[in-house]
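In: what follows is a predicted structure for the sequence shown.
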Amino acid sequence: MSALARFIDYFRGSGEYSVSVPPFDGALRPNERLETALELVQAPEPDNLVTLADGVVFSSADSLLRFELDAPAGAHTSAVPLHRLPSTVTALAARDEALAIGLEQGGIVILGGRHDGATISALDGVAINCPTALAFEDADTLLLANGSASHPPSRWKSDLLDGGSSGTVARIDLGTRRTARLAAGLAYPLGLLPLADGGLLVAESWRHRLIRLDVSGKISRVLENLPAYPGRLAPCREGGAWLALFAPRRRLVEFVLREPAYRQRMMTEIPSEYWIAPTLRPMASFLEPLQGGMLKQLARLKPWAPSRSYGLAVRLDAKFRPAESFHSRADGCRHGVRSVLEVSAGLLAASAGADAIVIVPRPEEH
Amino acid sequence: MSTILELRRVTKQYRGVAAIANVDFALRTGEVHAIVGENGAGKSTMTKIMAGVTTPSGGEVLFDGKPVSFATPRAALNAGVAMVFQENSLVPSMTVAQNVFLGDEKFFNRMRGVYIAAQQLMGSLNFGVDPWATVATLGAAKKQMVEIARAVRQQARVIIFDEPTASLTPEEIQLFFALIERLKRRGVSIIFISHAIEEALTIADRITVMRDGAVITCEESAKLDRESIIRAMVGRSLSTALYSKEDASARPIGPQILSVQDLSMGNAVRNNSFSIYGGQITGMFGLIGSGRTETAKIIAGVLKRRFFHGGEVLYQGKPVRYGIPRGAIQDGIVYVTEDRKLEGFFGSMSIAQNLQVAQLAANRPVLFVRMNAAKDLARQWIEQLQIRAIDGDAHVTELSGGNQQKVVIARSLVQKPKLVIFDEPTRGVDVGAIAEIHALIRRLADEGLGILLISSYLPEVLNLSDRILVSQRGRIVEEFNAADADEESIMYAAVH
């Protein structure tokens, strides 16, 4: 009966074969808080926000830049170059004076601190080809998420469309260079957050969920069926965490993900920017695929249109349930929020779609 | 101005209880006369006597100054009195044209001519209704238009409209008012029963207020205002702030009870997604045709979603797909219909039987039913919802619109639901009953039930809801917190 039910589900696209996507509502109710946030810094495709000393460091392409947070609210500030790396920076973690940097070309570089200059290029003999997230557990221990065994970070769309689930999370002892694999077979781990109890929170993008790795090695699901692809995690002062969701899940993409022949042909014949896949930037060309019609009226895109890009940052409470959210909707431009960071003045969000870092002030400062 | 239709000391009794008693009423030629009153005030009984639907127990009816006794609606129509009913009296399986000409067919009926005439009639009335469409496929507003067209075609000298605007959009109401003006200019006298006092004040020349089966006042509308009408209607000081927010703070969000994901059905529902939370009233506003009712009916198993890729409905975290409403009812989902006469109750059964049938649907099949238990059940719910009926043996059709609605709600509540979907719960219900139904909905939410309130009346949505979803073209396009919402922004989202 179960096999028959599965066959019927497969036939009609329901149950586990459904391509439906959960709605943005409840704590994820759409708003304009990200779209109307103050712009702090302009930089091409900013990512990887971390605090270092009194400033904020972020990556933009192959550079690390730094800016101070003492600029008056509402004023633009300028970022100064800190380091230049041999390829695009794909992951970043900071502790004291040390920066751990993941690179598009593969491997990790440590700059500053007592392990200054150290490079790590493999885990148990397997190359680190897709460093997507880094976090310091302590001054000598680094946690690493390697998103995919087959694609570099810049080809994340290919990994999604190939149904990638070859991601790993590992612990690296920077002193001894010993590594321990904490989890494997993950579908693009993109966010890491060490927890006070020794556990680790991991954002698994292609499975739209957060999982928790216990000290004992047990893996438990914390938050599932998110309506967007979860990205980087950051600590929250009130407890819980901040989560950046870099692109929305859409029905059309879910459908394409279940059509291997179509998908392969699309990936072979069409430039990747026009694939039916999530993107980090709002639509710019009429050639781009749309889901359904009636999305534009008087040349204006509807805010509820099922766009391929979206801006979303979510505060998770102490139980890691969504508590509040910040949106830039289909008609906005602050899409592709890959990294968030809470600072004293509010929440910083790095938007690849707007090429800017914005700040959402704390509610009492509105 | 001469009097065309007059009632003198008319009385109507049902099983010894007077629905109206010693009523005097006069309708002048070419006037628009509004009749307002609470449910059970006797408005429908009085107008049914005028239209020959029912006969008076006492008193006299005069038409053109001559005593008449309309034994049937046909007799009244032949004399020139037509009635457009609140709950439509169309034949669902027939086309619009067939319904318009129903009862007037020639021996050799040429259907082509019937359709052309129907099309011309609809065109002259500015009604966008396809004469070839089957009535069952039409929404409530279009059915109402067919009813109106039928009365206009019969060239009645007196047309009685019973709650004609209840199912119309604001734009359609304006068109309807223009039609009334045109009929008035042609010398047709109009009786207009409405619970929308503002509409009565806008369109009527005179207003009669009824209460407890008697005429309380009859005045030129220019001499009346909303306050004085309500005072006369209810005979007590009812809060004038019926549609003002009682408590600005929304109820805290409870557990997610229902998640609708990309639900699709034909052109009516397109990729519709939203959630319902326990302990909250989720209002759903939208214009007629925005797919709200269809969405609700799919959730409740009344309609079926698209077979292929029709989306998902997750109830308490599990995917559900109900083939018939019974499955939904047994899981705790009930749907309180917008069309109570057609879908809400069994007209040929008593209140007790209606409640018992509803209770049976929620439980396992039984071999025997105990009528005493049904009567106890009816007694309990009549008291709890303050249904104005003689007893549980009263037929639902004998009740006024508001009390019928309470029976429909009671039928759902005996099923011990966890999620209640109210579809236009106060349509065709008077102000007193509206307040009672609103209080009931609030109470259910306070008890932790998930409530989905579908309403086309913005003040109602704003007043009751903790969060407001706006539906447009078959999908939810906007969500508001009750505290942030206002009429303008909701209507903008619904239209643009």
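Out: Now that the structure is in, tell me what you want to look at. Bear in mind the structure is a predicted one, so any value in this text is a computation, not a measurement.
In: neighbours of B:Glu198, how many?
Out: By the criterion of other Cβ atoms under 10 Å in any protein chain shown, B:Glu198 has 10 neighbours. C-betas here are computed from N, CA, C, even on glycine.
In: give me the three-state assignment for the residue positioned nearest the centre of chain A.
Out: A centroid search over chain A (Cα atoms, centre = their mean) returns A:Gly231, at 2.1 Å, as the residue closest to the centre. Secondary structure, DSSP: H, G, I helix; E, B strand; the rest coil: A:Gly231 is strand.
In: what about it, distance to chain B?
Out: Taking Cβ to the nearest Cβ, to the nearest Å as the measure, A:Gly231 falls 22 Å from chain B.
In: identify the residues contacting that residue.
Out: Residues in contact with A:Gly231 (Cβ atoms under 8 Å, 6 or more residues apart in numbering or on different chains) are A:Leu190, A:Gly191, A:Ala203, A:Ser205, A:Leu243, A:Ala244, A:Leu245, A:Phe246, A:Val337, A:Arg338, A:Ser339.
In: 7 Å instead, please
Out: A:Leu190, A:Gly191, A:Ala203, A:Ser205, A:Ala244, A:Leu245, A:Phe246, A:Arg338 (Cβ atoms under 7 Å, 6 or more residues apart in numbering or on different chains).
In: nearest to B:Phe107, of the residues you listed?
Out: Relative to B:Phe107, the closest of the contacts of A:Gly231 is A:Leu245; by Cβ to Cβ it sits at 71.1 Å.
In: from the contacts of A:Gly231, pick the one nearest chain B.
Out: Of all those, chain B sits closest to A:Leu245, with 16.5 Å by Cβ to the nearest Cβ.
In: and the closest one, that's in a strand?
Out: Yes: A:Leu245: assigned to a strand according to three-state DSSP.
In: please name the bridge partners of it.
Out: Counting by DSSP bridges, A:Leu245 is bridged to A:Pro230, A:Leu312.
In: for it, what are its contacts?
Out: Counting by Cβ under 7 Å, 6+ apart, A:Leu245 touches A:Leu226, A:Ala228, A:Tyr229, A:Pro230, A:Gly231, A:Leu312, A:Val314.
In: what do you get for B:Leu360?
Out: By Cβ under 7 Å, 6+ apart, the residues touching B:Leu360 are B:Val366.
In: okay, it and B:Phe368: tell me how far apart.
Out: From B:Leu360 over to B:Phe368 the distance is 11 Å, taken as Cβ to Cβ, to the nearest Å.
In: cool, and B:Arg292?
Out: According to Cβ to Cβ, B:Arg292 stands 40 Å off from B:Phe368.
In: comparing those two, which residue is more hemmed in?
Out: More crowded of B:Arg292 and B:Phe368, by other Cβ under 10 Å: B:Arg292, with 29 against 4.
In: list the contacts for that one?
Out: Counting by Cβ under 7 Å, 6+ apart, B:Arg292 has contacts B:Met284, B:Gly286, B:Ile454, B:Ser471.
In: if we use 10 Å, what do you get?
Out: By Cβ atoms under 10 Å, 6 or more residues apart in numbering or on different chains, the contact set of B:Arg292 is B:268-269, B:272, B:284-286, B:338, B:421, B:423-424, B:452, B:454-456, B:469-471, B:474, B:476.
In: repeat that for A:His83.
Out: When contacts are counted by Cβ under 10 Å, 6+ apart, A:His83 touches A:57, A:59, A:62-66, A:89, A:99, A:101, A:109, A:111-112.
In: now a PyMOL select for only the buried ones of the residues you listed.
Out: Entered in PyMOL, the line below selects the buried ones among those, by 16 or more other Cβ atoms under 10 Å in any protein chain shown:
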select buried, chain A and resi 57+59+63+64+65+66+89+99+101+109+111+112
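In: nearest to B:Asp331 among the contacts of A:Leu245?
Out: A:Leu226 (26.0 Å).
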